[in-house]
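Trainee: I would like the atomic coordinates for the input below:
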Amino acid sequence: MLWSREPWELVDDVGVESMPPGRFVSGVTQTSMGEVTVVGICIPWHASRTEKWRRCERKKPWKDHGQYLAGLTEYLEQASAERLIVTGDFNQIIGADSRAPRDLRSALEKAFGQRLTIVTSALTFNDRKAIDHIARSDDLEAESLDVVSNDKDDGKKLSDHFGVVANVTNRHIR
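Mentor: This is a model prediction of the structure:
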């Protein structure tokens with residue numbers, strides 16, 4: 001789910017046909033910088049199981065993750081928008097600490113290519129590195145980064161993920 005104070009235009013909840021349904025949404029919204037395209041993703045975790053194959057076949061760990069990254073790469077290669085933000089559950093720690101197989105770490109890097117920078121790659125909370133991330137196109141700048149605690153006052157967790165926040169501005173405005 002994406003939220004904006006301004007109406008969304010060009011809403012897409014498919015991406016490309018090879019991506020599984022329900023794990024992608026994008027839209028264009030007006031901001032003080034002008035139009036910004038925001039893409040929300042949920043890359044399947046290493047042991048994801050779709051209802052279809054849960055009953056009939058065994059999949060290798062990370063298979064859905066890799067298929068999603070292939071579709072995301074295709075989508076992002078076609079995306080021509082300036083001021084592009086991709087956010088959501090990447091289900092990978094970025095960098096040497098990642099437990100993802102090397103080919104899938106490379107697939108994630110390839111998906112974002114030279115055009116997008118994952119600005120939350122170094123964020124940690126309670127000694128855990130982020131798997132939810134924000135990436136931005138090179139015409140944008142993340143001026144501040146922070147985390148949103150997933151701890152409740154009673155010691156329980158709101159989620160097994162902590163949130164990430166970035167204040168994104170136009171790189172050309174100073």
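
Trainee: which residues touch residue 69?
Mentor: 43, 104, 107, 108, 110, 111 (C-beta atoms under 8 Å, 6 or more residues apart in numbering). C-beta coordinates here come from the backbone N, C-alpha and C atoms, glycine included.

Trainee: Please repeat the previous calculation with a cut-off of 6 Å.
Mentor: 107, 108, 111 (C-beta atoms under 6 Å, 6 or more residues apart in numbering).

Trainee: Include distance to residue 120, secondary structure and neighbour count when you put these into a markdown table, please.
Mentor: Below are the contacts of residue 69 laid out as a markdown table (distance: C-beta to C-beta, whole Å; DSSP: H, G, I helix; E, B strand; the rest coil; neighbours: other C-beta atoms under 10 Å):
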| residue | distance to residue 120 | secondary structure | neighbour count |
| --- | --- | --- | --- |
| 107 | 19 | helix | 21 |
| 108 | 13 | helix | 23 |
| 111 | 15 | helix | 23 |
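
Trainee: which of those lies closest to residue 149?
Mentor: Here the nearest of the contacts of residue 69 to residue 149, counting by C-beta to C-beta, is residue 108; it sits at 25.7 Å.

Trainee: Tell me which residues touch that closest one, please.
Mentor: 69, 92.

Trainee: pull the helix or strand with minimum mean pLDDT from this structure.
Mentor: Scoring the helices and strands of the chain by mean pLDDT, DSSP states H and E places helix 51-54 at the bottom, with a mean of 50.

Trainee: Tell me the helix or strand right after that helix.
Mentor: Using DSSP states H and E, the helix or strand that follows helix 51-54 in sequence is helix 63-78.

Trainee: Only C-alpha atoms, please: export that next one in PDB.
Mentor: C-alpha atoms of helix 63-78 as PDB (Å, rounded to 0.1, in the frame of the first residue of the first chain):
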ATOM      1  CA  LYS A  63      13.200 -19.700  -6.200                       C
ATOM      2  CA  ASP A  64      10.300 -17.200  -5.900                       C
ATOM      3  CA  HIS A  65      12.700 -14.600  -4.700                       C
ATOM      4  CA  GLY A  66      14.800 -15.000  -7.900                       C
ATOM      5  CA  GLN A  67      11.800 -15.000 -10.200                       C
ATOM      6  CA  TYR A  68      10.500 -11.800  -8.600                       C
ATOM      7  CA  LEU A  69      13.900 -10.100  -9.000                       C
ATOM      8  CA  ALA A  70      13.900 -11.100 -12.700                       C
ATOM      9  CA  GLY A  71      10.500  -9.400 -13.100                       C
ATOM     10  CA  LEU A  72      11.500  -6.400 -11.100                       C
ATOM     11  CA  THR A  73      14.700  -6.000 -13.200                       C
ATOM     12  CA  GLU A  74      12.500  -6.100 -16.400                       C
ATOM     13  CA  TYR A  75      10.100  -3.500 -14.900                       C
ATOM     14  CA  LEU A  76      12.900  -1.100 -13.700                       C
ATOM     15  CA  GLU A  77      14.700  -1.300 -17.000                       C
ATOM     16  CA  GLN A  78      11.500  -0.100 -18.700                       C
END
